[in-house]
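Enquirer: Could you work out the structure for the sequence below:
(2 chains)
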Amino acid sequence: MNVLLIEINPFVQETTPISLGYIASFLKSKGFGVKILSIGQNTSLSRSAFHEIIHSFKPALVGFSAYQRIMLYIIGLAKFIKSIDNNIKIAIGGPQATFMPSAAFAELPDVDYICRSPGEITLLGIAQAIENGTPFLNLSGVSYKDDNDAVLDTPELEGYTDLDRYPSAYLNDVFDYSRMREAIMLTSRGCPHHCIYCYTPHAFKHKISYHSVERVIEEIRWIRKKGIKSLWFADPNISYKPSRLIEILDGILQEGIETEIWLQTRVDLVTPELLKKMKRAGVKTIAFGLESASERVLSRLGKHITLDKVAEAIRLAQKHGIEVELFTIYGLPYETFEDAVKTLEFVKKNKVKIMGNTNSQQLQIYFGTHMARHYEDYNIRPLNNNRPAYLSIGSQYETDHIGRNELHQIQQLWQANSIDGGKRIVS
Amino acid sequence: MIPAFNKIYIILGKHDNENLEWVLRTLSFLYSYVNLTSNIYLVSENLPDSMPQVERIQKNINEFLSENLFARLYVHIVHPTPQPAMNGITLCYQYLKQSTDKFDQEGYIHQELPRLISLPVLVPDDECKPTQLIDLLNVLKNSFLLPSLYLNKDTLNLAKDEKLLSLTDKVYYGIGNSRKMTDVVYNLFCQDIIDDSLDKLENNDLSMTDPCPDSLIISAQNCNVYSCMEAFLKNESLAKIYGIHSLEELLAHYYKQDKSKRDCLGCREKVIGSSVDLPKSLDTNQKTGALLYHFGMLRQESEDDFQAVKNFKQSLELSPIEETDPIYFRLGLGYTKIGQYDQALKAFNSVELGYQGQYFFHFYKGLCYFETGDYVTALEEFSKALQSETQHDDRIRILIYMGTCFNNLGNYEQAVGELEKAKETAGHVKEIYNTLGFSYFMIKDYDKSIENLKMAVEIDPFSAIDYASLGSNYREKGDLNTAIGMYEKALALDPGMTSVRENLERLKKL
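Expert: Residues are numbered from 1 along each chain as shown, chains lettered A, B, ... in the order given. Now for the predicted structure:
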């Protein structure tokens, strides 16, 4: 049986869909035929070509990575797939799906499953059920709409805590290296912190799970062998266990692997020694989360960092010749227009180039975040209460402290100070 | 392979129902073959006059997008803006805005850019004042339509107006001063080729010989489809090329035939080369320089050194000084290949320290000095080349050149020294043996000369000159019969060797 996995984002260049890579590799190890289709702004793919893929690959199941901004495109492709073969089952998973209300099925006529638990084992369960001819029997980790349009939620599934139990997407060659410019790696999953705007801690129950250092080095070695030099570590906090990161960096250095690395971590998880080693191992850019340069706002985000600490981390990284990016957000609870301007001023004062990921973005209130569940407590007023159930509040809100026009003004202010016109890489 | 077009240019003509129906049918067919994100250009000489056509096409686009929620389209509306027509143009956009409201609403709900975005491209004339355009631009901006300007030589002064530019999303620059819509489209198309080439360079996708961004040009004036701008300018429609009129068959045939099989690299070069003088940022200029360098490399690989030299020269004009070393080196190489050794030396001598010590650099410099008859300097360069680690075959070539230099300077003993080294390293290389044969002959060591020349003819039994040299050696040794035999062999292989014929006749008379 074949499974087609699709990541679509028509607003950015095609990237390496690492999460789908894990699922593909896992399903392949269980005997399924899997194809990944990554569709970006630059992907050459027409309606006819897509039709041909469905027609020739004949998937029994199509899985989509779901994000807020691309829900419309998923709905469109799902409809098209069903028009080709109504027997093909459609599942959505990923950040938008995990906590999406089951009521959304009413507005997702062609979606059969919403995955709530770790993608590998959840989709395996669905694939096996379809293969057995009982697509809605004995499922876990999903909500589904059966053939009679009845919607059911099933119990959660636990993922593996030892990530090495998931076969590697890289070592099993599920990606087309000829089209890859940068390898995205995920050496750990989850985050133990409690930032109120973030999806990750709640989705992973405030726990972190890891790959072994050996597995990480083996993957890097393989990726490099395939001619890819640029590595993007997508771990939310790669230096959460500093000794582990040092082992990874040592591994890179000992093997003499030449790389260019992007990684992100917290400002309180870096030391001069660690940064020195990062530089030697090829870390070109480090991204820290600042979020807001107003102490008053920052203290209410559950992030537990100080502006002094942020400034110190920036200075240290810059001293070691590592480019710094700062993630910032405007439109945060309790934030006034003046507070938002302070953030821009902080970035400028600390000589961080306003481009790429340093371009600020408005707070997005996504399903699964503390904010989404308690937005009223923060005096947040959604602007559109008639949005489809598959969409969260996102950026359509005002607060007691900041209005829609002011949010727009802040956006323009950032754009005016941006080197690249405000093109952000990570959303 | 199934096509996926990125851009479709529709050149509108005078309203004609039959032609319009053909355009709509063609578009409806092509929707299945456009990228999930793609662009349509509607090009009109007069927007108010073309509105019936634009409206129908817009309706057709709306239907496609409503049916296919995964598709996105940028619709660029390209037209002149004569002052008397400004009110009419404003009304056209008000209408167009209403007809796309549905997609703006959809975008708002989904918190993303709408799937249909209209992008006016205004083509002002040379009498147009900034204030006249500003009113229209304000109307467009307020309707969330992002206007672009198309400026050429005659209207370039508009780019100096900061207020005008602040209301403009993008400025296209056209070569020349024509505002004929076909010329405007040509320049927009050229801009795409430039952007596409720069993108490829930035993403290390160096397949510059591929056709430019998958595009089609549809003429509503004569109901023809063209595969690219070059084909359009030459009026080589797909139907004309393949003798087929069904669009479905045409596209299948087009792709089966590896697209248009045109000189796509040549087209890119032409476009990039002619855009050099257009206003550009320093960064884009430098990137264009890098692009021309890459084109030069491609030409050098395919041994078109004349074009390579042209590209490298243009690249030098745009590239920052710190990046000129490899360009000068490649330029020198190009001049060497086309036999312009003085120019080559000029280029090589402009290379800074980066290449000093690289054996191939000194080898090519030596070669140029050799070809211009400056054997002393050539020897200096060849010696420098040998001081570095060289590839085996190159080392032998250098030694042979050095031997030849010494021969030409009359220093035959040293020539023998270098050539014997080459022989030791290389073994069976004809050029070593015959050059050594000459050196030994000149120092009157006829036995050694014969020994080497015999090796030369063993390697190449058809080498008339080596038989002739053998003849001269035997003659000097007094073995006249063998000498005659050798001269006869040489003449049999090359009857045009007059000096050999004279030697032979002289010997026969003895």
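
Enquirer: Could you tell me which helix of chain B is the longest one?
Expert: helix B:86-109 (DSSP state H).

Enquirer: partners of the helix or strand following that helix in the sheet?
Expert: The first helix or strand that comes after helix B:86-109 along the chain, using DSSP states H and E, is strand B:116-123. Within its sheet, and counting by DSSP bridges, strand B:116-123 is paired with strand B:72-80 (parallel), strand B:148-151 (parallel).

Enquirer: Next, give phi and psi for residue A:274.
Expert: phi -60, psi -40 (degrees, to the nearest 10).

Enquirer: If you average pLDDT over each of the strands paired with strand B:116-123, which is lowest?
Expert: Of all the strands paired with strand B:116-123, mean pLDDT reaches its minimum on strand B:148-151 (a mean of 90).

Enquirer: Tell me the residues of chain B that contact chain A?
Expert: B:2-6, B:31-37, B:68-72, B:106, B:108-113, B:115, B:203-204, B:214 (C-beta under 8 Å from any C-beta of the partner chain). All C-beta spots, glycine's among them, are computed from the backbone N, C-alpha and C.

Enquirer: Check the residues you listed for burial and list the buried ones.
Expert: By neighbour count, with 16 or more other C-beta atoms under 10 Å in any protein chain shown, the residues of chain B next to chain A hold B:2-6, B:31-37, B:68-72, B:106, B:109-112, B:115, B:214 as buried.

Enquirer: which non-adjacent residue is nearest residue A:249?
Expert: Once flanking residues are discounted, residue A:249 sits nearest to residue A:281: 4.1 Å by C-beta to C-beta, 6 or more residues apart in numbering or on different chains.

Enquirer: contacting residues around that neighbour?
Expert: For residue A:281, the contacting residues are A:249-250, A:252-253, A:259, A:261, by C-beta atoms under 8 Å, 6 or more residues apart in numbering or on different chains.

Enquirer: what do you get for residue A:260?
Expert: Contacts of residue A:260 by C-beta under 8 Å, 6+ apart are A:229-231, A:282, A:284.

Enquirer: May I ask which of those has the most neighbours?
Expert: residue A:231 (23 neighbours; other C-beta atoms under 10 Å in any protein chain shown).

Enquirer: chain center to the strand or helix carrying it, what's the gap?
Expert: Applying DSSP H and E as the criterion places residue A:231 in strand A:230-233. Here the centre of strand A:230-233 is set off from its chain's centre by 14 Å, with C-alpha atoms, centre = their mean, to the nearest Å.

Enquirer: Closest residue of the stretch 1-150 of chain A to chain B?
Expert: Using C-beta to the nearest C-beta, the closest approach of the stretch 1-150 of chain A to chain B is made by residue A:76 at 2.7 Å.

Enquirer: Skipping its backbone neighbours, what lies nearest that residue in space?
Expert: Nearest non-adjacent residue to residue A:76 (C-beta to C-beta, 6+ apart): residue B:69, at 2.7 Å.

Enquirer: I figured residue B:44 was touching residue B:77, is that so?
Expert: Yes: between residue B:44 and residue B:77 there is a contact under C-beta atoms under 8 Å: 7.5 Å.

Enquirer: so what sits against both of those two?
Expert: residue B:54.

Enquirer: ok, and what's touching the longest helix of chain B?
Expert: For helix B:86-109, the surrounding residues in contact (C-beta under 8 Å, 6+ apart) are A:72, A:384, A:387-388, A:391, B:47-48, B:51, B:54-55, B:58-59, B:62, B:65-66, B:77, B:79, B:81, B:113-116, B:118, B:120, B:132, B:135-136, B:139-140, B:143-145.

Enquirer: quick one: the helix or strand harbouring residue A:405 to chain centroid distance?
Expert: Of the helices and strands defined by DSSP H and E, residue A:405 is found in helix A:404-417. Relative to the chain's own centre, helix A:404-417 is displaced by 25 Å; criterion: C-alpha atoms, centre = their mean.

Enquirer: Can you pull out the residues in contact with it?
Expert: Counting by C-beta under 8 Å, 6+ apart, A:330-331, A:337, A:340-341, A:344, A:348, A:354, A:359-360, A:362, A:383, A:395, A:398, A:421-422 sit against helix A:404-417.

Enquirer: how about low-confidence regions in the stretch 251-400 of chain A?
Expert: Along the stretch 251-400 of chain A, segments meeting pLDDT under 70 are nowhere present.

Enquirer: so the residue nearest to residue A:76 sits in a helix?
Expert: No: counting by DSSP: H, G, I helix; E, B strand; the rest coil, residue B:69 is not found in a helix; it is coil.

Enquirer: Now do it against residue A:83, distance only.
Expert: 12 Å (C-beta to C-beta, to the nearest Å).

Enquirer: any shared contact partners between those two?
Expert: Joint contacts of residue B:69 and residue A:83 (C-beta under 8 Å, 6+ apart) do not exist.

Enquirer: Could you pull up the residues touching residue A:158?
Expert: A:117-118.

Enquirer: Helix, strand or coil: sort out it for me.
Expert: coil.

Enquirer: Need the phi and psi values for it.
Expert: phi -90, psi 140.

Enquirer: Next: residue B:224.
Expert: Here residue B:224 shows phi and psi, under degrees, to the nearest 10, equal to phi -130, psi 160.

Enquirer: Could you find the closest non-adjacent residue to it?
Expert: Counting by C-beta to C-beta, 6+ apart, the residue nearest residue B:224 is residue B:237, at 3.8 Å.
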